[in-house]
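Here is the input, now give the coordinates:
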Amino acid sequence: MQPKIILFNLILLVLSLPLYAAQEYRGRVVAISDGDTLTILDSNKRQIKVRLAEIDTPESKQPYGSKAKQELSALAYNKTAIIKAQSTDRYKRVVGRVYVGNVDVNAELVRRGSAWVYRQYAKDKKLFLLEDQARKKRVGLWSLPESEKIPPWEWRRFKRR
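Numbering: from 1, shown residues only. As a prediction, the model looks like this:
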């Protein structure tokens with residue numbers, strides 16, 4: 001292949017990346033893996049695994065982990081969801097904001113005290129305000145004893161040791 005063709009193809013690839021990040025998916029939520037991961041079935045019968053962007057919920061074996069999964073299920077399971085993709089993660093999941101009707105599911109989980117704002121990845125400043133309000137009201141995981149309020153990213157790091 002000629003160098004000009006390779007360069008042209010490379011430029012096209014790089015320019016197409018932002019288009020992918022702005023992609024939307026629509027489908028029925030057919031599975032809830034944990035508090036921040038679900039699977040939709042789109043109109044082409046494709047299953048798409050989705051990691052909720054900008055938030056992190058307690059791990060399954062962590063205090064409030066099963067409750068966070070129940071909250072996501074109550075908000076989204078067997079309902080039509082729109083996913084506004086931001087990226088993909090290392091597990092090939094679509095990472096995005098999830099909307100069911102007029103509900104921003106990511107924000108609602110934070111408001112209910114079922115999720116932390118994932119500081120490393122958060123872009124939406126509104127999420128920090130919602131988390132602060134949930135803390136002050138002591139709702140959801142914020143009602144747990146102080147010793148059990150361990151951010152999931154710290155829990156995972158501790159468990160790897």
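
And the lengthiest strand in the chain, what does it pack against?
Identified as the longest strand of the chain according to DSSP state E is strand 24-34. Using 3 or more C-beta pairs under 8 Å, 6 or more residues apart in numbering; DSSP states H and E, the elements in contact with strand 24-34 are strand 37-42, strand 47-52, helix 65-76, strand 80-88, strand 94-100. To be clear about C-beta, it is placed using only N, CA and C from the backbone, and glycine gets the same treatment.

The same query, at a cut-off of 6 Å, please.
Strand 24-34 makes packing contacts with strand 37-42, helix 65-76, strand 80-88 when contacts are defined by 3 or more C-beta pairs under 6 Å, 6 or more residues apart in numbering; DSSP states H and E.

can you put those in CSV and add mean neighbour count and distance to residue 111?
Shown next, in CSV, are those (neighbours: other C-beta atoms under 10 Å; distance: least, C-beta to C-beta, whole Å):
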stretch, mean neighbour count, distance to residue 111
strand 37-42, 18, 18
helix 65-76, 20, 10
strand 80-88, 18, 18
